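Visitor: Everything below, folded, please.
(chains A, B and C)
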Amino acid sequence: MAYWLVKSEPSVWSWDQQVAKGAKGEAWTGVRNHSAKLHMIAMKKGDSAFFYHSNEGKEIVGIAEIIREAYPDPTDESGKFVCVDLKADKKLKTPVTLVAVKAEPKLAEMALLKYSRLSVQPVMADEWKLICKMGGV
DNA sequence: GCCAACGTTGGC
DNA sequence: GCCAACGTTGGC
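Guide: Okay, the predicted model is just below:
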């Protein structure tokens, strides 16, 4: 069981839209970065991922579950990139903001802070637990 | 294969 | 709207 974090601009694809898809989920497409791609390939069905809103909100709003492992991204004409399917699992009672993550010394090593442009990132188990606690789940 | 120029992301 | 970080492109 591994943990991840995916980012999306809510104006493009928001948590509420993800929730509206229900149990059948939605393909997480459009990732055009090789580091992010490698992380998606490493995802296993049943893994969990934080859902982070970039630009607007700048906070972790919910937890999604990987329901389909990496397959070719249908929106990528070059055929080089992959996507996974995610479904909304649960919403954090309290969103964990970027400010809150930065204020917590135990989270200083998070990829979210170190590689702010990376749209799919791994999360350490203890980071995961702490953020869940901060988020009230 | 190096590196400058350029584009994109995302925080501020 | 600005700019830092970083990926990509293209000339050499």
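
Visitor: Tell me how many other residues surround residue A:24.
Guide: Neighbour count of residue A:24, defined by other CB atoms under 10 Å: 8. Where C-beta positions appear, they are placed from N, C-alpha and C, glycine not excepted.

Visitor: What of residue A:19?
Guide: Residue A:19 has 17 nearby residues by other CB under 10 Å.

Visitor: So for it, what's the nearest residue that isn't a sequence neighbour?
Guide: Of all residues beyond its chain neighbours, the one nearest residue A:19 is residue A:88 (4.4 Å), with distances taken as CB to CB, 6 or more residues apart in numbering.

Visitor: And residue A:33, by the same measure?
Guide: Leaving out its chain neighbours, the residue that sits closest to residue A:33 by CB to CB, 6+ apart is residue A:119, at 6.4 Å.

Visitor: give the contact list for the one you found.
Guide: Going by CB atoms under 8 Å, 6 or more residues apart in numbering, residue A:119 touches A:6-8, A:31, A:33, A:36.
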